[in-house]
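Structure of the sequence below:
(one chain, ligands or ions: 1)
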Amino acid sequence: MSKPTVFLDRDGVINVDHGYVHTVSEFEFIPGVLEAAAKLTAAGYRLVVVTNQSGIARGYYTEGQFQRLTEWMVEQFKQAGACIEHVYHCPHHPEGQVASFAVNCDCRKPAPGMFYQAKKDLNIELSEAMMVGDKGDDMRAAQNAGLKLCFLVKSGKPVSTESVELADYVVESLAELPALLNKLFISK
Ligand SMILES: [Zn+2]
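Below you'll find the model as predicted:
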């Protein structure tokens with residue numbers, strides 16, 4: 001039987017958030033992330049990425065560029081022994097320059113749309129699932145989707161008091177998550 005799903009934000013959780021990252025050369029894995037993901041996969045957790053990509057609506061990069069980077073990223077995880085089941089992204093932003101994406105959508109976090117889609121596509125029990133993010137909107141999205149727990153990662157940056165208050169646990173980076181989940185789920 002598989003363990004709960006761990007939803008991961010991308011920028012600031014998986015890779016260093018340089019702002020609108022859309023090429024392999026800009027994509028810098030945060031230290032320990034690939035190893036942590038491999039441990040979670042080995043322990044039976046399901047991994048799904050949910051990421052806001054307003055750079056698409058803003059015209060900074062295209063869906064095609066995003067998808068090419070995503071394929072490369074998923075392959076890096078695979079080579080490290082980690083299985084990313086799917087990557088959901090929100091290409092929208094109400095103030096975007098690309099008309100078709102300049103809308104108020106139900107998928108941009110803190111809205112729960114990407115989680116609902118994952119539930120439908122992958123048969124995920126959201127009330128057992130967890131979210132790992134670096135922003136208040138990630139924590140809010142997790143709560144809006146009815147997830148069990150949300151983890152805030154600092155990833156070497158200052159975090160807002162508000163996002164700390166919204167989180168169930170605050171960790172330095174994803175690298176700490178496997179040990180923390182071990183503790184939480186074994187002590188149950
Ligand atoms: Zn959206």
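
Buried residues of the top helix by length along the chain, list them for me.
Secondary structure of the chain per DSSP state H: the longest helix is helix 63-79. Of the residues in helix 63-79, 66, 69-70, 73-74, 76-77 count as buried by neighbour count, 16 or more other Cβ atoms under 10 Å. All C-beta atoms are positioned from the backbone trio N, CA, C, and that covers glycine.

What of stretch 12-27?
Within stretch 12-27, the residues that qualify as buried by neighbour count (16+ other Cβ under 10 Å) are 12-17, 21-22, 27.

and the helix or strand of the chain with the lowest mean pLDDT, C-alpha only, in PDB?
Comparing every helix and strand of the chain by mean pLDDT, DSSP states H and E singles out helix 177-186 as the least confident one, with a mean of 92. What follows is helix 177-186 as a C-alpha-only set of coordinates in PDB (Å, rounded to 0.1, in the frame of the first residue of the first chain):
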ATOM      1  CA  LEU A 177      11.700  16.100   5.400                       C
ATOM      2  CA  PRO A 178      12.400  12.300   5.200                       C
ATOM      3  CA  ALA A 179      13.600  12.200   8.800                       C
ATOM      4  CA  LEU A 180      10.800  14.400  10.000                       C
ATOM      5  CA  LEU A 181       8.100  12.200   8.300                       C
ATOM      6  CA  ASN A 182       9.700   9.100   9.800                       C
ATOM      7  CA  LYS A 183       9.300  10.600  13.200                       C
ATOM      8  CA  LEU A 184       5.800  11.900  12.600                       C
ATOM      9  CA  PHE A 185       4.400   8.700  11.100                       C
ATOM     10  CA  ILE A 186       6.200   6.100  13.200                       C
END
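
Can you pull the residues of the protein lying near the ion?
Near the ion, the residues belonging to the chain are 90, 92, 105, 107-108 when assessed by Cβ under 5 Å from the ion.

Including neighbour count, secondary structure and pLDDT, could the residues you listed go into JSON lines?
Converted to JSON lines, those look like this (neighbours: other Cβ atoms under 10 Å; DSSP: H, G, I helix; E, B strand; the rest coil; pLDDT from 0 to 100):
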{"residue": "90", "neighbour count": "21", "secondary structure": "strand", "pLDDT": "98"}
{"residue": "92", "neighbour count": "23", "secondary structure": "coil", "pLDDT": "98"}
{"residue": "105", "neighbour count": "15", "secondary structure": "coil", "pLDDT": "97"}
{"residue": "107", "neighbour count": "19", "secondary structure": "coil", "pLDDT": "98"}
{"residue": "108", "neighbour count": "22", "secondary structure": "coil", "pLDDT": "98"}
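
Closest one to residue 146 out of those, please.
Nearest to residue 146 out of the residues of the chain next to the ion is residue 107 (Cβ to Cβ; 16.0 Å).

can you tell me which residues contact that closest one?
For residue 107, the contacting residues are 88, 90, 92, 113-114, 117, taking Cβ atoms under 8 Å, 6 or more residues apart in numbering as the criterion.

Perfect, I'm done here.
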